[in-house]
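Fold the following, please.
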Amino acid sequence: MNENELLTILEQLGAIVTNDHIVYTSGRHGSSYVNKDALYPHTTAASLVGSAIARRFADANIETVAGPTIGGVIMAQWTAYHLSQLYGYEVLAVYAEEDHDETGKRRVFRRGYDAHINGKQVLVVEDVITTGGSVRLVVDAVNANGGYVVGVGALCNRGGVTASDLGVSRLIALTELPLESYPAETCPLCAAGVPINTRLGKGAAYLRKQSV
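Residues are numbered from 1 along each chain as shown. Okay, here's the model as predicted:
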């Protein structure tokens, strides 16, 4: 599956929204949105994404795939499944949960999953990378548990994040989808009177705040 085929599938599922008026979590406005939640109910499409990531890391002798909760769990499962098919041995899938300590937010492997990390070749996966914050915390958690990160695979890199940003040697995203955005005060979509989408992003909360 090449990038164009992937984008076609995501658009058909409504996972990529364009020519709209979205308010992002940052408060900035823009015309495009990656709605990853529209992908996951469709297991065939999610499997295709996992297969595409697996094939790009087929040379890495991966033993465990790890992702952050929540979307990374599904990515890890499907990617590990397809790596198992490619290798002829079972590749495990685990996930890292969010936690907080005195240094701030971090990711941890609970439920005995740390035993599947220590001394293993680990691929870290994520659905959509925006700032790279979540996936970087998973990389840190793998390192802290004695695993060897072979790289990071993702469905979409929309923030221009690099492998260096994540502290890894290899980052492969199935698609790069930079999202242009504007401060609310100078948003050209607002100026043109384009209605704000209240179903996706933070549009509904933004409008409620504006009406107070």
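
Y95 should be in a strand, yeah?
Yes - assessed with DSSP: H, G, I helix; E, B strand; the rest coil, Y95 lies in a strand.

Spit out the contact partners of the closest residue to it other than its chain neighbours.
Distance criterion Cβ to Cβ, 6 or more residues apart in numbering; nearest residue to Y95, sequence neighbours excluded, is V73 at 4.6 Å. Glycine gets a C-beta too; all of them are placed from N, C-alpha and C. Neighbour list for V73: G67, A93, Y95 [criterion: Cβ atoms under 8 Å, 6 or more residues apart in numbering].

So the nearest residue to I53 once chain neighbours are set aside: helix, strand or coil?
Residue nearest to I53 in three dimensions, not counting chain neighbours: G153, with 4.1 Å by Cβ to Cβ, 6+ apart. Of the three states, G153 takes strand according to three-state DSSP.

For G153, give its distance to A66.
Distance of G153 to A66, computed by Cβ to Cβ, to the nearest Å: 11 Å.

Could you do Q121 as well?
For Q121 relative to A66 (Cβ to Cβ), the value is 11 Å.

So those two - more neighbours on which side?
Taking other Cβ atoms under 10 Å, Q121 and A66 do not tie; A66 has more neighbours (32 against 16).

helices or strands next to the helix or strand where that one lies in the packing?
Remark: A66 resides in strand 64-68, with elements defined by DSSP states H and E. When contacts are defined as 3 or more Cβ pairs under 8 Å, 6 or more residues apart in numbering; DSSP states H and E, strand 64-68 sits against helix 71-87, strand 92-101, strand 121-129, helix 133-144.

now the angle between helix 133-144 and the first one, please.
Going by axes from the mean of the first three to the mean of the last three Cα atoms, to 10 degrees, helix 71-87 is angled at 60 degrees with respect to helix 133-144.

what's in contact with the strand holding A66?
Outside strand 64-68, the residues that reach it (Cβ under 8 Å, 6+ apart) are 72-76, 79-80, 83, 91-96, 98, 107, 109, 116-117, 120-126, 134-135, 137-138, 141-142, 147.

relative to helix 71-87, how tilted is that strand?
Using the same axes, to 10 degrees: strand 64-68 against helix 71-87 is 160 degrees.

Just the CA trace of the strand or helix carrying A52, in PDB.
If you go by DSSP H and E, A52 is part of helix 43-56. Provided in PDB are the C-alpha atoms of helix 43-56 (Å, rounded to 0.1, in the frame of the first residue of the first chain):
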ATOM      1  CA  THR A  43     -10.600  -3.800  11.400                       C
ATOM      2  CA  THR A  44      -9.700  -4.500   7.800                       C
ATOM      3  CA  ALA A  45      -8.400  -0.900   7.300                       C
ATOM      4  CA  ALA A  46      -6.600  -1.000  10.700                       C
ATOM      5  CA  SER A  47      -5.000  -4.300   9.700                       C
ATOM      6  CA  LEU A  48      -3.800  -2.800   6.400                       C
ATOM      7  CA  VAL A  49      -2.100   0.100   8.300                       C
ATOM      8  CA  GLY A  50      -0.400  -2.400  10.700                       C
ATOM      9  CA  SER A  51       0.700  -4.500   7.700                       C
ATOM     10  CA  ALA A  52       2.200  -1.400   6.000                       C
ATOM     11  CA  ILE A  53       4.200  -0.500   9.100                       C
ATOM     12  CA  ALA A  54       5.300  -4.100   9.600                       C
ATOM     13  CA  ARG A  55       6.700  -4.400   6.100                       C
ATOM     14  CA  ARG A  56       8.700  -1.200   6.500                       C
END
